[in-house]
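Kindly generate the corresponding structure for this input.
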Amino acid sequence: MMLKKLRNLDAYPKINEDFYKRTLSGGLITLVSSLIMLLLFLSELRLYLHTVTESKLSVDTSRGETLKINFDITFPALQCSMLSVDAMDISGSEHLDVRHDIIKKRIDSHGNVIEARQDGIGSQKIEKPLQRHGGRLEHNETYCGSCYGAEAADEDCCNTCEEVRDAYRKKGWGLSNPDLIDQCKREGFLQRIKEEEGEGCNIYGFLEVNKVAGNFHFAPGKSFQQSNVHVHDLLVFQKESFNISHRINRLSFGEYFPGVVNPLDGAKWAQSTPSGAYQYFIKVVPSVYTDISGHVIQSNQFSVTEHFKGAEAGHFKSLPGVFFFYDLSPIKVTFFEQHVPFLHFLTNICAIVGGIFTVSGILDSFIYHGQKAIKKKMEIGKYS
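Numbering: from 1, shown residues only. Below is the predicted model of the structure:
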């Protein structure tokens, strides 16, 4: 009795097999619809197994963080002995002639890397270098070179050309003639510059700066402050112009994350005037990327505009070099990976199967009844 009541609830009454009729068109439609369902199922399965990336905007409230700037830039006509890197920001922080975490490669006119040599190797060494007290180095005497008036204290010594230049920079002085400096003459400073004439330089590495607006630049000469103005000691190179043509192999702010586009990667610029400054104005957008496993990458994206500021030969109205001025957006972009929900996947599969079965059934019925109508008309015409 209970089974009979349950049987009466069947919403899918069965048709006796005697009333079935299989047709060739029905078989073809079934085959085609099955292939379509298989392709759509595989497409939905691929979409379900792969992650999708969503994004949202929010106000950046982070404080006290640092900004990592990664760079790889080639100067085909500016030798490594001239090139220096400086970074400064609106908070007053300055990093002049940065050397740590930065590598320079000398390259020839064809872009091939020349074997690098250590600083201080140049012309023949003088056996008795000049001491701070004015005499020459004697046997068993400790060497203490003069800083030529730039000493910060009486006990300061400048034993290399770089130390003399650093002492001059801290005083805000420019070094006009290195041949008058015993250390520079002994190390062959000018001779080394002349030997590198016609070479280029590939410089790469990274800078850690405060997360505030600022700039970093690549320019010839050591930088120093003179009357609160940032200047470089260009006279030391005895050149009237500097070719700052360059190619940016890579420039990014922070770590790489999937989908990030750095618009300056591969950018080139060739100088046509005697000298000048090439400027990039960059808007940095803080970005956070969270992958499907929950790993968070703190990084940045940026947009850029460019400007060239020329200068007459021999008159450096602006410091020759390549400048990157950056500012930070107050808006942060958050990206996060996620899978398509399983219920969404299941709903799509059901919709695909139901839709194709419905369309196939209608099409098969239309063809079948059409064929019957044509056959009936042919029979009527045959007997009339």
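
Wait, a helix at Met37?
Yes - counting by DSSP: H, G, I helix; E, B strand; the rest coil, Met37 is located in a helix.

was I right about it contacting Val353?
Yes - under the criterion of Cβ atoms under 8 Å, Met37 is in contact with Val353, at a separation of 6.2 Å. C-beta: built from backbone N, CA, C; applies to glycine.

ok, residues contacting stretch 296-303?
67, 252-257, 260-263, 282-291, 326, 333 (Cβ atoms under 8 Å, 6 or more residues apart in numbering).

Quick one: mark the members of these that sit in strands.
If you go by DSSP state E, the contacts of stretch 296-303 have 67, 252-253, 282-290, 326, 333 in strands.

out of those, which are buried?
Neighbour-count burial (16 or more other Cβ atoms under 10 Å) is assigned, among the ones in strands among the contacts of stretch 296-303, to 67, 252-253, 282, 284-290, 326, 333.

Report the contact partners of Glu306.
With Cβ under 8 Å, 6+ apart, Glu306 has these contacts: Trp269, Tyr278, Gln279, Tyr280, Phe281.

Let's see that with 7 Å instead.
Neighbouring residues of Glu306 by Cβ atoms under 7 Å, 6 or more residues apart in numbering: Tyr280.

so it bridges to which residues?
Following DSSP bridges, Glu306 is listed with bridge partners Tyr280.

center of the chain - which residue?
When the chain is reduced to its mean C-alpha position, the nearest residue by Cα atoms, centre = their mean turns out to be Ser252, at 3.0 Å.

So what pairs up with that one in the strands?
Here Ser252 sits in beta bridges with Asn70, as judged by DSSP bridges.

ok, it touching Val261?
No - assessed by Cβ atoms under 7 Å, Ser252 is found out of contact with Val261, at 10.2 Å.

about what we covered before: okay, Met37 and Val353: which has more neighbours?
Per other Cβ atoms under 10 Å, whichever of Met37 and Val353 has more neighbours is Met37, with 17 against 14.

Give me the secondary structure label for Ile193.
Following three-state DSSP, we place Ile193 in the helix state.

isn't it right up against Ser81?
Yes - between Ile193 and Ser81 there is a contact at 5.4 Å, judged by Cβ under 7 Å.

Could I get the full set of strands for the stretch 51-200 of the chain?
Using DSSP state E, counting those that start in this stretch, the strands of the stretch 51-200 of the chain run over 51-59, 66-75, 83-89, 94-95, 102-107, 200-210.

quick one, which of the ones you listed is nearest to Leu346?
Nearest to Leu346 among the strands of the stretch 51-200 of the chain is strand 51-59 (17.0 Å), distances taken as Cβ to Cβ.

CA-only coordinates of that closest one in PDB, if you can.
This file holds the C-alpha atoms of strand 51-59, laid out as PDB (Å, rounded to 0.1, in the frame of the first residue of the first chain):
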ATOM      1  CA  THR A  51      42.000  30.800  -9.900                       C
ATOM      2  CA  VAL A  52      40.400  34.100 -10.700                       C
ATOM      3  CA  THR A  53      41.900  37.400  -9.500                       C
ATOM      4  CA  GLU A  54      39.600  40.000  -7.900                       C
ATOM      5  CA  SER A  55      40.600  43.500  -6.900                       C
ATOM      6  CA  LYS A  56      39.400  46.300  -4.600                       C
ATOM      7  CA  LEU A  57      40.400  49.800  -3.700                       C
ATOM      8  CA  SER A  58      41.000  51.200  -0.200                       C
ATOM      9  CA  VAL A  59      42.800  54.100   1.500                       C
END
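
roughly how far is it from the heart of the chain?
Centre-to-centre, strand 51-59 and its host chain are 20 Å apart (Cα atoms, centre = their mean, to the nearest Å).

which residues touch that strand?
With Cβ under 7 Å, 6+ apart as the test, strand 51-59 has contacts from 259, 292, 330-340.

what's the answer for stretch 137-154, then?
So stretch 137-154 is contacted by 128-132, 156-159, 164, 167-168, 170-171, 173, 181-183 (Cβ under 7 Å, 6+ apart).

cool, stretch 275-287 as well?
In contact with stretch 275-287 (Cβ under 7 Å, 6+ apart) are residues 60, 241-242, 244, 253, 269, 299-311, 313, 316, 318-329, 331-333, 335.

So which of these sit within strands?
Short answer: the contacts of stretch 275-287 in strands (DSSP E) are 253, 269, 299-311, 321-328, 331-333, 335.

thinking again about what came up before, could you flag which of the contacts of strand 51-59 are buried?
Among the contacts of strand 51-59, the ones that count as buried by 16+ other Cβ under 10 Å are Lys332, Val333, Phe335, Phe336, Glu337.

Can you give me the domain boundaries for this structure?
Following automatic domain parsing, one finds the domains of the chain at 20-51+340-383, 61-114+199-329, 118-198.

can I get these in a markdown table with mean pLDDT?
A markdown table is the format used below for these (pLDDT from 0 to 100):
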| stretch | mean pLDDT |
| --- | --- |
| domain 20-51+340-383 | 75 |
| domain 61-114+199-329 | 86 |
| domain 118-198 | 74 |
